[in-house]
Structures are given as C-alpha cells and as structure tokens.
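Asker: The sequence and its predicted three-dimensional model are supplied below.
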Amino acid sequence: MDFTESVKTCLQKYIDFNGRASRSEYWWFVLLTILLSFIPVIGWILRLVLLLPSLAVQVRRLHDMERSAWWLLLLVPPITVIGVFVLLIMSIFPGTPGYNRYGPSPRQPQQGMGGYGYYQNPGDPYSPPPSTGSYTESPYDASLPDSLMEPDPSGRQFCTQCGIQLQPEARFCTVCGTAVSS
C-alpha cells in the first residue's frame with residue numbers, strides 16, 4: 001500500500017474501528033500527521049481534524065496484532081509519554097497472519113475480498129469471506145451459511161492456516177509453511 005492509497009483508505013474509514021490495518025496503512029498515515037505538524041497554525045488544525053481517523057487506524061492496527069483497543073488507555077495523561085512509545089513500538093511488529101478474531105489479514109487479497117483483505121459485501125461488511133477450495137478448517141467456517149460454503153468454481157485452493165491463495169501445484173504454503181492436503 002502506498003502513501004496516497006493509505007491516506008485515502010484511512011480517510012474513507014475515518015470512523016471504522018472494526019477490522020485490521022496493515023503496517024503500511026498505519027505508518028503512511030502517521031507520516032502524514034507528522035508532516036502536517038510542521039505547518040504552523042493550519043497544520044495543528046488539520047491534525048485536530050485527523051484525530052478521529054488517527055484513532056481509528058490505531059485501533060485497526062492493534063486489531064491486526066490481535067490486541068484490543070483497550071491498549072489505547074496507555075495514552076491517558078499520567079502515562080502518555082510512555083504509552084505513545086509503547087504503542088509505536090508495538091505497531092512496528094507484523095500482525096497475525098491469516099484470520100484472527102478481528103477479521104482477515106489486510107496484507108494479501110483473498111478469495112471474496114476486495115483489495116488488501118477488506119471484505120466487500122454490501123449486506124454485511126464485517127463478516128469473513130466464504131470458505132472455498134481446501135480452506136475448510138477455519139473456526140470461522142462454522143458460523144457461515146451453507147450457501148457461502150460452495151467450492152470455488154475455478155478450482156483455486158487456499159491455505160488452511162493463514163487463508164492465502166496457493167499456487168496451483170503447491171505442496172506447502174509459502175507464507176506459513178503448512179503442508180497442503182490433496
């Protein structure tokens with residue numbers, strides 16, 4: 001995800017505290033807010049306007065690392081300085097691969113997904129994507145309706161651990177190393 005795509009995504013999801021945000025999405029938006037702080041007066045007004053999108057992307061970044069938004073309590077005044085550094089250091093580390101309790105990985109586009117792992121179903125934007133191919137052992141599959149569990153007509157296969165699409169003749173997942181069952 002590049003700078004413009006990251007800023008566009010963060011501004012479109014300015015009040016979306018659900019789902020996950022990739023490191024690039026988060027850090028490009030942090031760079032924007034830092035650059036705006038160097039502009040006198042107008043920069044501070046713009047940073048104030050970007051406060052809610054900044055909180056939303058921070059929450060989604062915490063979700064990517066499978067952490068609760070309660071970690072933002074580190075920003076409460078008595079421990080603000082320490083809390084800022086703790087949250088920034090935590091945001092450096094990669095998120096959990098594949099699905100976690102907050103949704104699919106934002107790093108790789110997946111079956112039934114829009115760009116960067118965001119599920120785009122107008123009726124239910126926060127539900128996991130349909131299970132297809134050999135990807136049938138996810139704990140999220142139990143809650144999916146039977147109509148969403150139809151096999152993929154193109155014959156694509158997905159990793160049972162991390163959910164990314166596998167190469168046609170793959171024997172193991174190149175991301176997590178899980179052996180592919182035939």
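Answerer: Received the coordinates, thanks.
Asker: is it true that Pro104 touches Gly98?
Answerer: Yes: contact criterion C-beta atoms under 8 Å: Pro104 and Gly98 qualify, at 7.4 Å. All C-beta spots, glycine's among them, are computed from the backbone N, C-alpha and C.
Asker: intersection of neighbour lists for the two?
Answerer: Contact criterion C-beta atoms under 8 Å, 6 or more residues apart in numbering; residues shared by Pro104 and Gly98: Gly163.
Asker: Setting the sequence-adjacent residues aside, check what's closest to the residue nearest to the spatial centre of the chain.
Answerer: With distances taken as C-alpha atoms, centre = their mean, the residue of the chain nearest its centroid is Arg20 (2.6 Å). Nearest residue to Arg20, sequence neighbours excluded (C-beta to C-beta, 6 or more residues apart in numbering): Asp64, at 4.0 Å.
Asker: re earlier: the residue nearest to the centre of the chain falls within a strand, correct?
Answerer: No: secondary structure of Arg20 (DSSP: H, G, I helix; E, B strand; the rest coil): coil, not part of a strand.
Asker: Which pLDDT value belongs to it?
Answerer: Looking at Arg20, its pLDDT reads 93.
Asker: How about Thr136?
Answerer: At Thr136, pLDDT is 41.
Asker: try Leu46
Answerer: 91.
Asker: for the lowest-mean-pLDDT helix or strand in the chain, packing partners?
Answerer: The helix or strand of the chain with the poorest confidence is helix 42-49; it has a mean of 89 (mean pLDDT, DSSP states H and E). Secondary structure elements in contact with helix 42-49, counted by 3 or more C-beta pairs under 8 Å, 6 or more residues apart in numbering; DSSP states H and E, are helix 23-36.
Asker: list the buried ones in the helix it packs on?
Answerer: Within helix 23-36, the residues scored as buried using 16 or more other C-beta atoms under 10 Å are 23-30, 32-33, 36.
Asker: nearest to Ile79, of those residues?
Answerer: Val30 (20.0 Å; C-beta to C-beta).
Asker: Output the below-cut-off pLDDT ranges for the protein.
Answerer: Applying pLDDT under 70 to the chain flags residues 108-156, 181-182.
Asker: Okay, helices next: where are they in it?
Answerer: For the chain, the helices defined by DSSP state H occupy 3-12, 23-36, 42-49, 51-64, 80-92.
Asker: And for stretch 2-13, what's in contact with it?
Answerer: So stretch 2-13 is contacted by 1, 19, 21, 24-26, 28-29, 31-32, 53-54, 56-57, 60, 116 (C-beta under 8 Å, 6+ apart).
Asker: How about stretch 57-74?
Answerer: 10, 13, 16-23, 25-26, 29, 55, 80, 82-84, 86-87, 90-91, 93-96, 100-103, 105-106.
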